[in-house]
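1. one predicted model, sequence on top.
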Amino acid sequence: FFLCINSFPAQSEQKIAAVVNDEVISTFDVKERIKLVIASSQIRPSKKFLNRLEQDVLRKLIDEQLQIQEAKRRNVTITKRNIQNSVYNLEKQNQLKPGTFRQFIKTNKLPLRSIFEQIRAQIAWKKIVRRTLLPKINVGKREVETIYEDLKKRKGQMEYRVSEIFLSVDQSNKEGDVEITTQ
């Protein structure tokens, strides 16, 4: 009886946020990933921002779950070496000393499981893309020469880099929220 009473608070954290082909994403998973996003972006989000972030994080977790499921379906394996290489690259990107990633995560109280689930999904998806698309790509010598000649002709000319930030609106009643975000 005592164990049942103490387990109720933990159960409230384990609500289902989404089901992806019989795999559950819990509200706990969503909250852990939100912590990670907030910590890595170093922002102090408003309540309104957190609501939008929760939707975005859930979509990302669903995508990752689909990627992992597709990797399983295609018998894609993720080795310890793959994960070690990704961690090494993260250390490099974040200017951390090699081998200090896990300590950095613990020191900053970031959700370790969530980080490694994200890493696994990224590795799996890269492997799938390499397996399916790379064999179909055939760049000929003539194409390389054409592009090289074009680059030589444009050398020294002014170039412009143009980019766009696209904010989608899933529901028409949320259009105002997106407009506020851009201000």
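-> That came in fine, so what should we check first?
2. CA only for contacts and neighbour counts going forward, please
-> Will do.
3. quick check, residue 76 in a strand?
-> No: per DSSP: H, G, I helix; E, B strand; the rest coil, residue 76 lies outside any strand segment and is coil.
4. tally of neighbours for residue 61?
-> 22 (other C-alpha atoms under 10 Å).
5. please apply the same query to residue 140.
-> Count around residue 140 with other C-alpha under 10 Å applied: 8.
6. what phi and what psi does the backbone show at it?
-> Main-chain torsions, residue 140, degrees, to the nearest 10: phi -90, psi 160.
7. from residue 134, how far off is it?
-> Distance, residue 140 to residue 134, by C-alpha to C-alpha, to the nearest Å: 14 Å.
8. C-terminal to the helix or strand bottoming out on mean pLDDT in the chain, what's the next element?
-> Among the helical and strand segments of the chain, the one scoring lowest on mean pLDDT, DSSP states H and E is helix 2-13, with a mean of 43. Next in sequence after helix 2-13, counting helices and strands by DSSP states H and E, comes strand 16-20.
9. which helices and strands does that next one pack with?
-> strand 23-26, helix 27-41, helix 47-73 (3 or more C-alpha pairs under 8 Å, 6 or more residues apart in numbering; DSSP states H and E).
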